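1. This is a predicted model, with the sequence first.
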Amino acid sequence: MSQKHSKASSGSSSAALGGSKTPPPSLSKAAALHLDGKLAEALTEINRAIEGGDTSLEVYLAKAQVQLELEQYEDAAKSYAKTLSINPRHAVANLNLAICMERMGRWQEAVEHFEKAASLDPTCLDAHLGLGIGLLHADKPEAAAEAFDKILAREPGHPTALFGKAVTLQLQWQFDEAAALYRSILAQNPASEETLANLVTIGMARKDHAMIRDYAEKLLTLRPASQTALEGLATCAFAENDYEAAGRYCAKLVEYTPDSFDRWFNLAVAHHNTGRTEEAIQAYCEAIRVRPDAKQAHVNLGVVYQQTGDLAKARTSYERALQIAPDLTDVLHNLALVLDREGSRDDAEKLYMKLLARNADQDDIWFRLGYLRLERGDHRGAVEAFHACTRKRADWPEAQLNLGIACWNIGDTEGATRAFEAVMAADPESVDALRGLAALAVQTENFPHALDYQARLIDKGERSPELYYNTGLLLQKSGQLDDAVRLYRAALDVRPEFAEALLNLGHALKTQGLQDEARECWKRAIACRPEFAETYFGR
């Protein structure tokens with residue numbers, strides 16, 4: 001939230017028309033018109049006097065004052081300059097020229113003339129007040145404080161000087177002293193909106209949410225459309241994670257300032273955190289409209305799109321953020337995940353490698369890289385990636401399992417066995433690791449271990465026909481025909497057309513002397529897989 005300090009207004013008044021000597025007729029007529037409130041006619045008379053050859057200090061001073069009252073500040077400044085060319089030490093002319101410069105926002109020139117007016121007439125409070133305000137606008141709070149102190153030394157309760165002094169303290173981050181002065185002003189004038197607003201900004205600078213809420217609520221009762229109050233209350237709501245309230249305040253703020261990036265961004269954050277994804281997207285888009293190169297808005301918009309499953313738009317947002325700031329590691333990570341989910345695996349892998357080049361200790365990146373390599377058949381690359389995972393976290397079952405699969409595929413049965421056993425150590429209930437160990441035991445013809453693993457799988461509730469078949473095959477090879485027949489039949493209960501189970505069941509039944517049943521099994525096996533007929537006669 002942005003901070004804004006209210007500045008005091010000098011309220012200086014110009015000097016009266018005329019002088020001590022008898023004025024010329026035209027100037028007398030101008031004075032009469034001025035007294036009747038006919039300023040334009042008075043100015044006409046003064047100009048007539050000048051055209052008639054009157055170039056006195058008094059006539060230019062009169063012209064300048066009428067122009068000042070008509071708010072013709074540029075012309076008034078020229079007339080006061082003409083007056084000062086006649087008498088550079090004229091205190092009133094310096095004061096009123098300073099006021100003209102103040103009204104035109106030419107603060108440095110205003111300061112110069114207020115300073116001169118104060119030096120010419122040290123008792124002129126308006127000169128010191130204008131000087132203090134000018135110095136505030138010139139970002140010189142310490143010098144401004146000196147000007148306000150001179151007024152307060154003579155009039156301790158001067159409200160504008162007190163306010164100005166409080167502002168100088170606030171700008172110098174002397175918040176306790178500034179707040180004390182503001183509170184003294186409020187004691188005299190509880191409806192001082194500028195004072196309440198500045199107390200809110202002090203609360204925001206100090207992250208004092210109780211203070212913010214107190215003064216913001218008071219300010220809002222006086223001015224329901226106060227942006228300072230709404231901003232303060234939004235700050236409190238965000239601090240309390242009350243995103244519903246934050247959204248309400250921010251929605252009001254963007255109504256008043258539709259071209260404020262910060263307010264659209266904050267509204268988007270509030271909507272995002274309350275699950276209003278469409279509203280969040282719209283608000284982030286508005287923030288980007290105001291500031292197209294705001295990287296965080298593109299990042300956050302990408303996150304919303306990614307969460308809603310709109311991967312194409314998420315990708316566009318992340319890529320735009322990276323165009324603005326190429327070194328955003330978190331965005332590279334998110335973009336890689338989006339590419340991965342989109343199926344752009346080669347591009348995703350390149351980004352994963354880029355991330356690892358920056359920081360090789362990112363275990364989750366190694367895991368995703370290993371998974372991609374495993375999927376495309378780069379088993380050696382997968383072994384490298386999953387080894388990187390397990391070196392840091394030996395008890396990572398998913399990484400160990402995939403490492404085992406990758407090792408198995410490159411013929412490293414010992415490495416695969418170690419990996420599967422590591423999975424079992426971390427997760428004794430892992431069915432996947434048991435399957436791997438069982439298959440490896442069969443491959444290496446370690447039948448006792450294979451039978452043990454497969455029995456444990458069955459105990460864990462595994463009911464796949466392949467498991468029944470493989471276990472039956474092992475039992476048959478070890479001469480346990482009754483158990484083998486039982487498991488072949490269990491496989492066929494699940495998959496009646498399982499040709500290999502039918503074939504081997506026939507062999508087991510023949511060995512048991514059950515020729516008719518064996519022939520029936522072979523018939524069914526050949527019906528399912530005609531190529532088995534080639535081996536029938538050589539059985």
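-> Sure, I can see it.

2. CA atoms for contacts and neighbours, from now on please.
-> Fine.

3. What is the burial count for Asp363?
-> 20 (other C-alpha atoms under 10 Å).

4. Go ahead and confirm it touches Cys389.
-> Yes - using C-alpha atoms under 8 Å, Asp363 is in contact with Cys389, at 5.3 Å.

5. Can you tell me, leaving aside adjacent residues, what's nearest to Ile99?
-> Leaving aside its chain neighbours, Ile99 sits nearest to Ala110 (6.7 Å; criterion: C-alpha to C-alpha, 6 or more residues apart in numbering).

6. Could you report the distance from the one you found to Asp75?
-> 15 Å (C-alpha to C-alpha, to the nearest Å).

7. more crowded one of the two?
-> Ala110 (28 against 15).

8. just checking, the more buried one touches Ala98?
-> Yes - in this structure Ala110 lies within contact range of Ala98 using C-alpha under 8 Å: 4.2 Å.

9. Got the domain ranges for this protein?
-> 1-10+22-172, 463-539 (automatic domain parsing).

10. Present those domains as CSV; the columns should include mean pLDDT and distance to Glu255.
-> CSV is the format used below for the domains of the chain (pLDDT from 0 to 100; distance: least, C-alpha to C-alpha, whole Å):
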stretch, mean pLDDT, distance to Glu255
domain 1-10+22-172, 88, 16
domain 463-539, 84, 64
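
11. and those, which is most packed in?
-> domain 1-10+22-172 (a mean of 20; mean count of other C-alpha atoms under 10 Å).

12. Distance from the chain centre to it, please.
-> The chain centre lies 47 Å from the centre of domain 1-10+22-172; the measure is C-alpha atoms, centre = their mean, to the nearest Å.

13. Ok, stretch 471-488 next?
-> Computed by C-alpha atoms, centre = their mean, the chain-centroid distance of stretch 471-488 equals 64 Å.

14. how about the domains of the chain, which one is nearest Arg276?
-> Arg276 lies closest to domain 1-10+22-172 among the domains of the chain, at 21.8 Å (C-alpha to C-alpha).

15. returning to what we had before: just send the domains of the chain back as a markdown table, with distance to Ala180 too.
-> A markdown table is the format used below for the domains of the chain (distance: least, C-alpha to C-alpha, whole Å):
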| stretch | distance to Ala180 |
| --- | --- |
| domain 1-10+22-172 | 8 |
| domain 463-539 | 79 |
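
16. quick one, which of those domains is nearest to Ala422?
-> Closest approach to Ala422 among the domains of the chain (C-alpha to C-alpha): domain 463-539, 22.3 Å.

17. Give me the distance from the closest one to the chain's centre.
-> Domain 463-539 sits 65 Å away from the centroid of its parent chain (C-alpha atoms, centre = their mean).

18. Now do the contacts for Cys407.
-> Neighbouring residues of Cys407 by C-alpha atoms under 8 Å, 6 or more residues apart in numbering: 379-380, 383, 413, 415-416.

19. just checking, next helix/strand downstream of the helix or strand hosting it?
-> Using DSSP states H and E, Cys407 maps to helix 397-409. As assigned by DSSP H and E, the chain's next helix or strand after helix 397-409 is helix 413-426.

20. Extract the C-alpha set from that next one and format it as PDB.
-> Output of helix 413-426 as PDB, limited to C-alpha atoms (Å, rounded to 0.1, in the frame of the first residue of the first chain):
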ATOM      1  CA  THR A 413      20.200 -56.600 -11.100                       C
ATOM      2  CA  GLU A 414      22.200 -56.000  -8.000                       C
ATOM      3  CA  GLY A 415      21.500 -52.300  -8.100                       C
ATOM      4  CA  ALA A 416      17.800 -53.000  -8.800                       C
ATOM      5  CA  THR A 417      17.700 -55.400  -5.800                       C
ATOM      6  CA  ARG A 418      19.300 -52.900  -3.500                       C
ATOM      7  CA  ALA A 419      16.900 -50.200  -4.600                       C
ATOM      8  CA  PHE A 420      13.800 -52.400  -4.100                       C
ATOM      9  CA  GLU A 421      15.100 -53.600  -0.700                       C
ATOM     10  CA  ALA A 422      15.600 -49.900   0.300                       C
ATOM     11  CA  VAL A 423      11.900 -49.300  -0.600                       C
ATOM     12  CA  MET A 424      10.900 -52.200   1.600                       C
ATOM     13  CA  ALA A 425      13.000 -50.800   4.500                       C
ATOM     14  CA  ALA A 426      11.300 -47.500   4.200                       C
END
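
21. list the helices and strands the helix or strand following it packs on?
-> Sequence order places helix 431-443 as the next helix or strand after helix 413-426, per DSSP H and E. Judged by 3 or more C-alpha pairs under 8 Å, 6 or more residues apart in numbering; DSSP states H and E, the packing partners of helix 431-443 are helix 397-409, helix 413-426, helix 447-459.

22. Recalculate using a threshold of 6 Å.
-> helix 447-459 (3 or more C-alpha pairs under 6 Å, 6 or more residues apart in numbering; DSSP states H and E).

23. for the helix it packs on, packing partners?
-> For helix 447-459, the packing partners by 3+ C-alpha pairs under 6 Å, 6+ apart come out as helix 431-443.

24. Would you pull up how far the helix it packs on lies from the middle of the chain?
-> Worked out by C-alpha atoms, centre = their mean, helix 431-443 lies 48 Å from the chain centre.

25. Specify the angle between that helix and helix 397-409 in degrees.
-> 20 degrees (axes from the mean of the first three to the mean of the last three C-alpha atoms, to 10 degrees).

26. Export only the CA atoms of the host helix or strand of Val331, formatted as PDB.
-> Per DSSP H and E, Val331 falls inside helix 329-342. Provided in PDB are the C-alpha atoms of helix 329-342 (Å, rounded to 0.1, in the frame of the first residue of the first chain):
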ATOM      1  CA  THR A 329      14.000 -19.700 -10.600                       C
ATOM      2  CA  ASP A 330      10.500 -20.400  -9.200                       C
ATOM      3  CA  VAL A 331       8.900 -19.400 -12.500                       C
ATOM      4  CA  LEU A 332      11.300 -21.700 -14.500                       C
ATOM      5  CA  HIS A 333      10.200 -24.500 -12.100                       C
ATOM      6  CA  ASN A 334       6.500 -23.800 -12.700                       C
ATOM      7  CA  LEU A 335       7.000 -23.500 -16.400                       C
ATOM      8  CA  ALA A 336       8.800 -26.800 -16.500                       C
ATOM      9  CA  LEU A 337       6.000 -28.500 -14.700                       C
ATOM     10  CA  VAL A 338       3.400 -26.900 -17.100                       C
ATOM     11  CA  LEU A 339       5.400 -28.100 -20.100                       C
ATOM     12  CA  ASP A 340       5.700 -31.500 -18.500                       C
ATOM     13  CA  ARG A 341       1.900 -31.800 -18.000                       C
ATOM     14  CA  GLU A 342       1.300 -30.400 -21.500                       C
END
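
27. Quick check: buried residues in that helix?
-> 331-340 (16 or more other C-alpha atoms under 10 Å).

28. For the spatially closest residue to Ala518 that is not a sequence neighbour, what are phi and psi?
-> Leaving out its chain neighbours, the residue that sits closest to Ala518 by C-alpha to C-alpha, 6+ apart is Gly506, at 4.0 Å. Backbone torsions for Gly506, taken as degrees, to the nearest 10, come to phi -60, psi -40.

29. Contacts only, for Gly506.
-> Gly506 is in contact with 518, 521-522, counting by C-alpha atoms under 6 Å, 6 or more residues apart in numbering.

30. Could you rerun that using 7 Å?
-> Contacts for Gly506 (C-alpha atoms under 7 Å, 6 or more residues apart in numbering) come out as 518-519, 521-522.
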